[in-house]
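[1] Provided below for reference: sequence and predicted model.
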Amino acid sequence: MAAMKDAKGPADYQAAVAEFDQATLAAPWMADAYYQAALAREKAQDFAGASAQLKLYLLVAPNAANAKDAKTLMYELEYRSEKAAKESAERADQAGRVARAEQVLAPLKGSWFGHNCQAPGDDYFAGCTDAMKGGRNWHRFNGSDGPFRYDFTFAGDGTVRLDAYESWAECKPGAVWGVALGAYSLSDVRWEWRVDGQPARPVYSEIASDGTYLLISCDRPLSGHNPSFQYHYVYWGRP
């Protein structure tokens, strides 16, 4: 009981649990020791152990004055134990999904060069048809010191943000994110355009299985596109 009074957190209550366990071993028919052990285990957040101790208490003292309350508490602790186990399993599952997603995204780490597709003789922002996109119409983003290098932003939750050059692909405002949760390869990654206050929208994308290039367009439809229409694309390639 002194250990219970001195306890300030779950770890401290474990010391009280140890004391009560010794008491039940020394005097197996001391009913109150089981009851107090149950209360200590509840404080230590060992709900399954607390419920088990209450079952022993009711076995030793079935006619105790607080038997009804003890039984109610036992059922409550069983529920809390099942809930805690379910939440723990869900957290473990989510952690596993994130870990797998991070492995899928790993090839995207490192520096990239950005390019936009420009039709020959057209305005710099005019975009490209399918035929132009497959030709030599890609122009690298350059500054006064040479090509711009860029690293994607990894959120650590199985997603990656492409927060550079996306406006050239008509992804504005907002940014494009790659979501790898549930993916088994880069081709399974879902690319979506996110704007604050609006639902995420899937965007057209092409990606190499080894992570050597990525192409997106926010104005090209996912299906039923017009091959002769000039859509806006951004292509990321390795240095």
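    Perfect, I can see it now. Predicted model only: the values in this text are computed from it and were never measured. Residues are numbered from 1 along each chain as shown.
[2] so what's the residue sitting nearest the centre point of the chain closest to, chain neighbours aside?
    The centroid of the chain falls nearest to Asp157 when counting by Cα atoms, centre = their mean (4.2 Å). Distance criterion Cβ to Cβ, 6 or more residues apart in numbering; nearest residue to Asp157, sequence neighbours excluded, is Val98 at 5.8 Å. C-beta coordinates here come from the backbone N, C-alpha and C atoms, glycine included.
[3] give the buried residues for the helix or strand where that neighbour lies.
    Per DSSP states H and E, Val98 falls inside helix 67-105. Neighbour-count burial for helix 67-105 flags 70, 73-74, 77-78, 80-81, 97-98, 100-102, 104-105 (criterion: 16 or more other Cβ atoms under 10 Å).
[4] and the longest strand for the protein?
    Ranked by residue count and defined by DSSP state E, the top strand of the chain is strand 111-117.
[5] after that one, next one along is what?
    Taking DSSP H and E, what comes next after strand 111-117 is helix 130-133.
[6] select the helix or strand of this protein having the lowest average pLDDT value.
    Within the chain, no helix or strand scores below helix 2-6, which has a mean of 81 by mean pLDDT, DSSP states H and E.
[7] from the contact counts, what lies against that helix?
    Secondary-structure packing of helix 2-6 (3 or more Cβ pairs under 8 Å, 6 or more residues apart in numbering; DSSP states H and E): helix 10-26, helix 31-43.
[8] need the winner for burial among those helices.
    The highest mean neighbour count among the helices and strands packed on helix 2-6, using mean count of other Cβ atoms under 10 Å, belongs to helix 31-43: a mean of 22.
[9] quick one: name whatever helix or strand follows that one.
    Using DSSP H and E, the next helix or strand after helix 31-43 towards the C-terminus is helix 47-60.
[10] so what secondary structure elements neighbour that following helix?
    Contacts defined by 3+ Cβ pairs under 8 Å, 6+ apart place helix 47-60 against helix 31-43, helix 67-105.
[11] and these: which comes nearest Met4?
    Among the helices and strands packed on helix 47-60, helix 31-43 comes nearest to Met4, with 6.1 Å by Cβ to Cβ.
[12] show me how the record splits this structure into domains.
    Domain assignment of the chain by automatic domain parsing yields the ranges 2-102, 109-237.
[13] how far does the longest one stretch from one end to the other?
    End-to-end distance for domain 109-237, by Cα to Cα, to the nearest Å: 12 Å.
[14] quick one, phi/psi of Val234?
    When read as degrees, to the nearest 10, the backbone of Val234 gives phi -130, psi 140.
[15] now it. Nearest residue, chain neighbours left out?
    Per Cβ to Cβ, 6+ apart, closest to Val234 is Ala169, 4.2 Å.
[16] settle this for me: that neighbour is touching Leu214, isn't it.
    No. Between Ala169 and Leu214 there is no contact under Cβ atoms under 8 Å: 10.9 Å.
[17] okay, the two: which has more neighbours?
    Between Ala169 and Leu214, Ala169 has the larger neighbour count (other Cβ atoms under 10 Å), namely 28 against 24.
[18] so who does Gly182 touch?
    The contact partners of Gly182, by Cβ atoms under 8 Å, 6 or more residues apart in numbering, come to Arg97, Ala101, Asp188.
[19] what's the local residue count around Val160?
    A total of 25 residues lie near Val160 under the criterion other Cβ under 10 Å.
[20] by contact count, what packs against the helix or strand where it lies?
    Applying DSSP H and E as the criterion places Val160 in strand 159-162. Counting contacts by 3+ Cβ pairs under 8 Å, 6+ apart, strand 159-162 is packed against helix 67-105, strand 153-154, strand 175-179.
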